[in-house]
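Chemist: Coordinates only, no sequence provided:
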C-alpha cells in the first residue's frame, strides 16, 4: 500500500474542496481558488474534514498514480492556505535585477537586459538588487517560473556567478594554474 497515498488530507478551516465528475477537484481558500483535473482512475472521497484517495487495484500504474494524486490535492490545499515561494539570489559583479509593474528586468552580463513578464497567478518581489522571491498559490507555476528565471544565467562552478536558489549549494571547482 502506498504510504503517501493512504494518508488522509486534512482540510483546514476556511477551505472548501469540491470534487466534480471526471475527478476535477476545486479547492477554495483564503488566498484564492485552484482547480485541477486529476487521474480519473483514482477514487477521491470527502469524509467530513478529510479527503481520502483510494486506488482500484494494485497495478504498477495505479500505485504510482495513488501517491501522486494525493500529493497534488495536498499541494492545492497548502497553496490556498499558506501559498508557496522560492527565493533566488543573483551573484556576480554588475549582475542585478529590477522590477517595474509585472516586468522583471535582469542585467546578467549579456549585451542586453533580459526582460521577463510575471505569468498569471505568480508574483515576483525584489529585496535589494540581488534577491528575487517568486510567490504564488500554485506550486507547479511557482517552481516553473523560478526555474525559468534561473535558466537565464545558471551559476557557474568557478566563481559562482549567476542566478541560484537561496538553498542551493554550488560545487566549486579549482581554476587552472600557471606553468612553472
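Modeler: That came in fine, so what should we check first? None of the values given here were measured: they were computed from a predicted structure.

Chemist: By residue count, what's the longest helix in this protein?
Modeler: Under DSSP state H, the helix in the chain containing the largest number of residues is helix 60-81.

Chemist: List the buried residues for that helix?
Modeler: For helix 60-81, a neighbour-count test (16 or more other Cβ atoms under 10 Å) marks 62, 65-81 as buried. To be clear about C-beta, it is placed using only N, CA and C from the backbone, and glycine gets the same treatment.

Chemist: And the next helix or strand past it?
Modeler: Downstream of helix 60-81, the next assigned helix or strand under DSSP states H and E is strand 84-91.

Chemist: what lines up beside that next one in the sheet?
Modeler: Strand pairing for strand 84-91, using DSSP bridges, gives strand 131-136 (antiparallel), strand 162-165 (antiparallel).

Chemist: taking the mean pLDDT, what do you get for the longest helix of the chain?
Modeler: Helix 60-81 carries an average pLDDT of 92.

Chemist: Please produce a markdown table containing the strands paired with strand 84-91, extended by mean neighbour count, mean pLDDT and distance to residue 120.
Modeler: Shown next, in a markdown table, are those (neighbours: other Cβ atoms under 10 Å; pLDDT from 0 to 100; distance: least, Cβ to Cβ, whole Å):
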| stretch | mean neighbour count | mean pLDDT | distance to residue 120 |
| --- | --- | --- | --- |
| strand 131-136 | 20 | 94 | 9 |
| strand 162-165 | 19 | 94 | 22 |
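
Chemist: want to try CSV for those strands, with distance to residue 35 as columns?
Modeler: Shown next, in CSV, are the strands paired with strand 84-91 (distance: least, Cβ to Cβ, whole Å):
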stretch, distance to residue 35
strand 131-136, 15
strand 162-165, 28
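
Chemist: For residue 142, which of these is the nearest?
Modeler: Among these, strand 131-136 comes nearest to residue 142, with 4.4 Å by Cβ to Cβ.

Chemist: Can you check what angle separates the closest one from helix 60-81?
Modeler: Counting by axes from the mean of the first three to the mean of the last three Cα atoms, to 10 degrees, strand 131-136 points 110 degrees away from the direction of helix 60-81.

Chemist: Please work out which residues outside strand 131-136 touch it.
Modeler: Identification of contacts with strand 131-136 by Cβ atoms under 8 Å, 6 or more residues apart in numbering yields 79, 83-90, 97, 104, 121-127, 142, 145-146, 149, 163, 166.

Chemist: So for this structure, the centremost residue is which one?
Modeler: residue 143 (2.8 Å; Cα atoms, centre = their mean).

Chemist: any idea how far that residue lies from residue 98?
Modeler: Distance of residue 143 to residue 98, computed by Cβ to Cβ, to the nearest Å: 23 Å.

Chemist: Drop anything exposed from the contacts of strand 131-136.
Modeler: Buried by 16+ other Cβ under 10 Å: 79, 83-84, 86-90, 97, 104, 122, 124, 142, 145-146, 149, 163, out of these.
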